[in-house]
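> After the sequence you'll find the predicted model.
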Amino acid sequence: MRHVGDDERRARIARRHGIAPQARLPDPVAATRAMTVLHATEPATVYLSLQARVDGLSVAAVDRELYDQRSLVKQLAMRRTVFVFPRDLLPAAWGSSSARVAAQLRPRLAKDVEQGGLADDGAAWVDRACAAVIQRLADGSELSAKALREELPALEGRIDIAVGKAYGANVAMAPRVLTQLGVEAQIARGRNGGHWRISRPQWTSMRAWLGQVPDAWTPDEGWAELVRRWLRTFGPGTSGDIQWWLGATAGIVKRALADVGAVPVSLPGGQTGWLLEDDLDPETYDEPWVALLPVLDPTVMGWKSRDFYLPPEHVPHLFDSNGNAGTTAWVDGRIVGCWVQDEAGVVDVRLLERVSRPATKALAHEAARLTDWLEGVKVGTVYPSAAMKAVQHVGPA
C-alpha cells in the first residue's frame, strides 16, 4: 500500500487547489472545476475564493459565468449547503446529494406547516405552494422571494419556531418553499438582485435558466461522480472525510468508492485514505507559498480530519462550534492565522503563530493584493471566528 505523508498532501493542496501564487488557474470555470464546487452559503465567498485562485479576476468575469454564460450554477446539495457547481456536474448532484436533501426537507416542511397551524394537511399545502410557484415562473420570469410572496396567496403564512428558546422566531414559509423547489432542481437561483457580497436571488425556472435541462443521473451514478471529483480535488482522504463532505452515509461512500475503483493508501497515524487508480504518482511542491482564503473556502472545508493542514490548537480560534470556518491565512500548506479588514477596508493578516520573515512579507503582499481587489468594499460575515474578532498580531520569527 502506498503511503502519502502530510507533506505530500500539502503539496497537492498547493498545486491542485490553485492557491499557491505560482499555481493559480486561468479563469473562474477552471478554478471551480479544480475545487469540484465552491461554497456559496455566503455569496462573497464565491468571489473571494476565485480571487484567491485566478490572477487578474474581475467581479464582472465571475458574474458573466454565473449569470450570462451560466457555466457556473448555484445549487443546494451536500449537507443542505448552497454551492456553485460547474454546469456539467449538476445532473450528478440532482440524482444524489440534492435528491437526498430534498427527501429530508419536504416532510419536515409539511410537518412544520401542520404544527404551525397553517393547514391540517401539511403535504397538500406544500404541494399547492410549490405548484403555484412553478406555474408563475413557467414563462421564464425572474422574481425575488418578496415579489413571489406578494403575487401568490399560496405562499402566504408564517409560523413560530423554537418557541420559548433564545433562537426562537416567527418565520415566513415562502423562502422554505423556494428552497425546496431549488433543491429539487425545479427552479434556480438566477441573477442576483443586489451587490455581489449580498444574496438577493431572482428565482426562475430551471428550464428557463439552463435551456435544455438534462435528466438527473441515477443515485449510484451521481454519488460515484461526486466522489470521483472529490478524490481528484481532495484525495487522499478517508472515507469519513468523504462521508462528512457529502452529507451521506457510510454505505453510500463505500459503494461509490468501489464504483470509481478507488485505491487505498496509508496516511499518517495509521489511517487509510483513498485515491483514484490513475492518481497514485508521488507529488511534490517545493516552492514556498502563502494564501489568504475567505470564510467557508472549499479548501478549508474539504476534509473532516484537518490535522495535516490545521494545527489542532488553532481550531477553536478559526472555527465556530458548528464547524464553520472563518477567514484563513496559509503558509506552505498550513493555516497560521486569519485576515480581517479595518474601517477603511484594508486587509490585515492576524497570526496565531510565528512565521518566518519571508512568509510575513509574502502574506503582506497577498493582503495588499486583496485590498486592491476589494477597492474599499467591506465584506461582512455571519461566521466570524474568534480569531477574527479577538486575536492579536504575533511578530515574525
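Arrived safely, thanks for sending.

> ok, Gly222 to Arg70 distance?
20 Å (Cβ to Cβ, to the nearest Å). C-beta here means a position set from N, CA and C on the backbone, and glycine is covered the same way.

> residue ranges with poor pLDDT in the stretch 251-397 of the chain?
391-397 (pLDDT under 70).

> hmm, back to that, same drill for Gly222 and Arg70, tell me which one is more crowded.
Comparing Gly222 with Arg70 by other Cβ atoms under 10 Å, the one with more neighbours is Gly222, at 24 against 15.

> shouldn't that one be in contact with Gly95?
Yes. At 3.8 Å, Gly222 counts as touching Gly95 under the criterion of Cβ atoms under 8 Å.

> okay, and the common contacts of the two?
Shared contacts of Gly222 and Gly95 (Cβ atoms under 8 Å, 6 or more residues apart in numbering): Ala216.

> Tell me the neighbouring strands of the longest strand belonging to the chain, and mark each as parallel or antiparallel.
Longest strand of the chain, by residue count under DSSP state E: strand 334-341. Here strand 334-341 has these sheet partners by DSSP bridges: strand 328-331 (antiparallel), strand 347-351 (antiparallel).

> I'd like these laid out as CSV, including mean neighbour count and distance to Trp230.
Output for the strands paired with strand 334-341, formatted as CSV (neighbours: other Cβ atoms under 10 Å; distance: least, Cβ to Cβ, whole Å):
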stretch, mean neighbour count, distance to Trp230
strand 328-331, 25, 20
strand 347-351, 19, 30
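
> what's the closest of the ones you listed to Gln22?
Between Gln22 and these, the tightest spacing by Cβ to Cβ is seen for strand 328-331, at 13.8 Å.

> List of residues touching the closest one?
19, 288-293, 297, 300, 309, 318, 335-339, 349-351, 355, 359, 362-363.

> mind redoing it with 6 Å?
Strand 328-331 has contacts (Cβ atoms under 6 Å, 6 or more residues apart in numbering) with 290-293, 300, 335-339, 349, 355, 359.

> Could you do stretch 112-130 as well?
Contacts of stretch 112-130 (Cβ under 6 Å, 6+ apart): Leu109, Ala110, Lys111, Ala154, Leu155, Gly157, Ile159, Val177, Leu181.

> and the fourth one, what are its phi and psi?
Note on Ala154: backbone dihedrals following degrees, to the nearest 10 are phi -60, psi -20.

> quick one: the residue sitting furthest away from the middle of the chain and Val171, what's the gap?
Distance from the centre of the chain peaks at Asp120, with 36.6 Å (Cα atoms, centre = their mean). Look at Asp120 and Val171: by Cβ to Cβ, they are 20 Å apart.

> what about the strands in the stretch 51-200 of the chain?
With DSSP state E, counting those that start in this stretch as the criterion, the stretch 51-200 of the chain has strands at 72-76, 82-86, 158-161, 169-172, 187-192.

> Give the rounded mean pLDDT of the third one.
It refers to strand 158-161. Mean per-residue pLDDT for strand 158-161: 86.

> Kindly report the same for the longest one.
Averaging pLDDT along strand 187-192 gives 96.

> Quick check: what element follows it along the chain?
strand 201-205 (DSSP states H and E).

> The following helix or strand past that next one packs against which elements?
Using DSSP H and E, the helix or strand that follows strand 201-205 towards the C-terminus is helix 206-210. If contacts are counted by 3 or more Cβ pairs under 6 Å, 6 or more residues apart in numbering; DSSP states H and E, helix 206-210 sits against strand 187-192.

> rewinding a little: right, so of the strands paired with strand 334-341, which gets closest to Ala34?
Closest to Ala34 of these, according to Cβ to Cβ: strand 328-331, at 16.1 Å.

> Can you get me the start-to-end distance on stretch 82-93?
Taking Cα to Cα, to the nearest Å, stretch 82-93 runs 12 Å from one end to the other.
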